[in-house]
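Enquirer: mind looking at a prediction? Sequence and model below.
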Amino acid sequence: MVTFCKILAFVGVITCLNNVLLVAEHITCPVPLCSCTKHSANCSNHGDNLTYIPEIPKSTRKLTFIGNWLPNITTETFTTIKNLPIEELTLQNNSISFISEDAFEVLPYLKRLNLGSNKIPLNVLKSAFHGLRNSKLKVLFLPYMDLPDLPTDMFLNLQKCPLYEIQMYFNQFKALNGLVFRPLRKLRYLHVPNNYIKTVDFTGLEHVEMISLRWNYQETVPKFCNSSNISMLPYLKILDLGHNVFQKFKKSDFPGTCLPNLRSLSLGSNIIRAVEDNTFSDLRKLKRLSLTWMRTNNLVFSTNAFNITSLEKLYIGNHMTFDQSEQNIKGFFKNCPNLKVLDMTKIRLTYLTSQQIYTLFRPLTKLVKLVLQSTALLHLPKNLFQTMPFLENVNLKNCLVNGWHEDTFKNVTSLNTLYLDHNKITSINKTSFPPKFLNSFEKLSLKVNPFTCTCDIYWFRQWLKDKTKAPKLIGFPHDFNCYSPSEWNGRYLVDYDPSYEVCHPISPYIILGISIAAAFVVLVLAIGLLYKYRWHIKYYIYLMRSRKGYQRISGEDNFRYDAFVAYHAKDRIWVISELLPHLENQEKFKLCLHDRDFEVGELIVDNIVQKIQMSRKVILILSNNFAKSRWCQFETMMAQNRLIEEGGSVLLLVMLEDLKSRNISNSLHVLLKSTTFIEWKNDGPGKELFWKRLTTCVRS
């Protein structure tokens, strides 16, 4: 039991110690003097209220100490952090005027040091580097220190450091002497912009890969080769000479042998008035060239100014008018076929026709990004982008564009970013962009355009309701306003939401078309029905004409014929060879045959009706041909009507052959069931009986 209690007590003590340590670790950040994260501490902007470096967490690797009061720095200054793994130290704007020679020795892990905005005497600063002689320093910041031109032994104490980058902008340098940096064999990046440098000597910078001399006072391009024509910058890849006072560039300024590895050249914001032919053509590895915002109003690019086949990025945005001859337009980009990025911001293309614009950009088949911002392009040529299969990003901001052909962006399959804001676009419809772009774009800017909030924009307004598309539309909804009609001026486009019925009323032309179509259908149906039932109709017409029925006129002589014979033309041989000889020649009956007795010039239907009225009997010669014939059916109906009106034996049926059931109409079927028929027999006794019965019926 005692042992168990001891164990519990020991565990309790350990737990308490851990909690104390955790609490201690948590509270070591000296709030409110500092703010801390896992590996950084920021103790800034306390002025003369903070004159020392407070204790900070032991895990701190980055200390930012800006805007305090630390005039003298010695090893004691870093007492609170000397055992910490500090890799990055910023001591900017602390009114430092003295640093002891051994001050930085207590920071062996230091990799980045910023002493900017402190007025440290040059000899004190050089001496302070002694404490960094064995450090791991890689990056040194010395901006805003009013440093004069440096002595050649300035960085001698840092020659063993892996120092690869120095930034010394906003100082008082009037000359750049490369020998100052010769001890720094690892130096690769040298930034000395915003000084007063007029003369440059690159001797001693053989290993440097990047130099920025921007915002200085150089009037002539410095020499890149020594007197023996050997390159002083054989490994230089990036050179920035922008915003100096160069007034002219010529081909001899940039010899390829002196800049054999140059990849990027920035020359913008100088006082250049003309860029001559082949100025940069000797730079065989140049991929990026910037000639933006020259401080002149009449900049001119010669036709072959960009004769650089290796060039991939070209920035020539300037306040100028592009007014070249037809031949110059054709050859302007001809010699940089590998261009991937082109920026022509502010270069006015107003005076170029659509065809000239197409011709100008035609050689750029590998273009990925095209910036034509503020070029007053007005209208986009229909085929402008068709020859750019890799085009991904197009910037047409502020170009006064008010519309484009529906094929302008067609087949530009790689396009994913498009800026069309600040133009004169009033409406977007279904054909403005191809469906593939609308379904896959990453960025689309249409903001600040004078949209017309009428039904012309109905499709676009419905498209904006897509929750997957609208969020990718830059500036939506607050930068999308209506400009017309007047009642919507200034209101958000998102507030305009008309119904489908309002924007899609039935057009009078549609109503007229539907009416005409309906009338046509009715007419076709009517004609079809009239044609199909023409015989029935004719029958009923004649039936209406003769509502009083057939009235037998007293006296036999009032009938012109003894019998009207209705037969099909294909049964004519039987009528002529059998029926006619027996009834007319032998029995002396007068028969009415349509082949012989119909009046010439009369309508057939009139002949049928009149001849049936003139006949005492009606004989129907029934056969399959008769049953299928429309005229024969009409004669049957007229005879059937005569039978209904007069009754008796006025109608005689002669069955010439067996009728197939599919040929028997409803009226004929009724007639066969209600009227006795005489069946033709071709044998001797049968034929004799047939004629006897038929003769008796006709005579009765």
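Expert: Done, it's in.
Enquirer: ok, how many other residues are close to the nearest residue to Met614 once chain neighbours are set aside?
Expert: Nearest non-adjacent residue to Met614, counting by C-beta to C-beta, 6 or more residues apart in numbering: Arg560, 4.3 Å away. The C-beta positions use only the backbone N, C-alpha and C, and glycine is treated the same way. For Arg560, the count of nearby residues is 15 (other C-beta atoms under 10 Å).
Enquirer: and for Asn68?
Expert: Count around Asn68 with other C-beta under 10 Å applied: 22.
Enquirer: surely it meets Cys34?
Expert: No - contact criterion C-beta atoms under 8 Å: Asn68 and Cys34 do not qualify, at 10.8 Å.
Enquirer: now do the shared contacts for the two.
Expert: Cys43 (C-beta atoms under 8 Å, 6 or more residues apart in numbering).
Enquirer: tell me how far the residue nearest to Met614 lies from Leu580.
Expert: 17 Å (C-beta to C-beta, to the nearest Å).
Enquirer: ditto for Ile347
Expert: Ile347 is 106 Å from Leu580, by C-beta to C-beta.
Enquirer: and those two? Which one has more around it.
Expert: Neighbour count, other C-beta under 10 Å: between Ile347 and Leu580, Ile347 has more, with 20 against 16.
Enquirer: for the closest residue to the more buried one other than its chain neighbours, give me its contacts.
Expert: Once flanking residues are discounted, Ile347 sits nearest to Phe322: 5.2 Å by C-beta to C-beta, 6+ apart. By C-beta under 8 Å, 6+ apart, the residues touching Phe322 are 344, 347-349, 351-352.
Enquirer: just the buried ones from those residues, in ChimeraX syntax?
Expert: Buried members of the contacts of Phe322, defined by 16 or more other C-beta atoms under 10 Å, are picked up in ChimeraX with:
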select :344,347,348,349,352
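Enquirer: so which of the contacts of Phe322 are in strands?
Expert: Among the contacts of Phe322, the residues falling in strands (DSSP state E) are 347-348.
Enquirer: can you name the two of the contacts of Phe322 that are farthest apart?
Expert: Met344 and Tyr351 (14.4 Å; C-beta to C-beta).
Enquirer: which residue packs closest to Lys287, ignoring adjacent ones?
Expert: Glu312 (4.5 Å).
Enquirer: tell me how far that neighbour lies from Lys251.
Expert: 21 Å.
Enquirer: is Lys330 in contact with Thr359, as I believe?
Expert: Yes - using C-beta under 8 Å, Lys330 makes contact with Thr359 at a distance of 5.6 Å.
Enquirer: list the buried residues in stretch 584-601.
Expert: In stretch 584-601, counting by 16+ other C-beta under 10 Å, buried: 589, 591-594, 597-598.
Enquirer: the residue nearest to Lys287 is in contact with Leu342, isn't it?
Expert: No - checked against C-beta under 8 Å, the pair Glu312 and Leu342 is beyond contact range at 10.0 Å.
Enquirer: these two: who's more crowded?
Expert: Between Glu312 and Leu342, counting by other C-beta under 10 Å, Leu342 is the more crowded of the two (22 against 18).
Enquirer: give me every residue that touches the more buried one.
Expert: Leu342 touches 314, 316, 333, 364, 367, 369-371, counting by C-beta under 8 Å, 6+ apart.
Enquirer: and for Ile56?
Expert: By C-beta under 8 Å, 6+ apart, the residues touching Ile56 are 28-30, 34, 36, 41, 43, 63, 80-81, 84.
Enquirer: same question for Asn449.
Expert: Here Asn449 is in contact with 420-426, 480 (C-beta under 8 Å, 6+ apart).
Enquirer: where does this structure dip in pLDDT?
Expert: 1-27, 506-509, 531-557, 647-648 (pLDDT under 70).
Enquirer: okay, domains of it per the record?
Expert: 426-433+447-505, 561-699 (the TED database).
Enquirer: can you add distance to Ile73 and give the ones you listed back as CSV?
Expert: Converted to CSV, these look like this (distance: least, C-beta to C-beta, whole Å):
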stretch, distance to Ile73
domain 426-433+447-505, 49
domain 561-699, 121
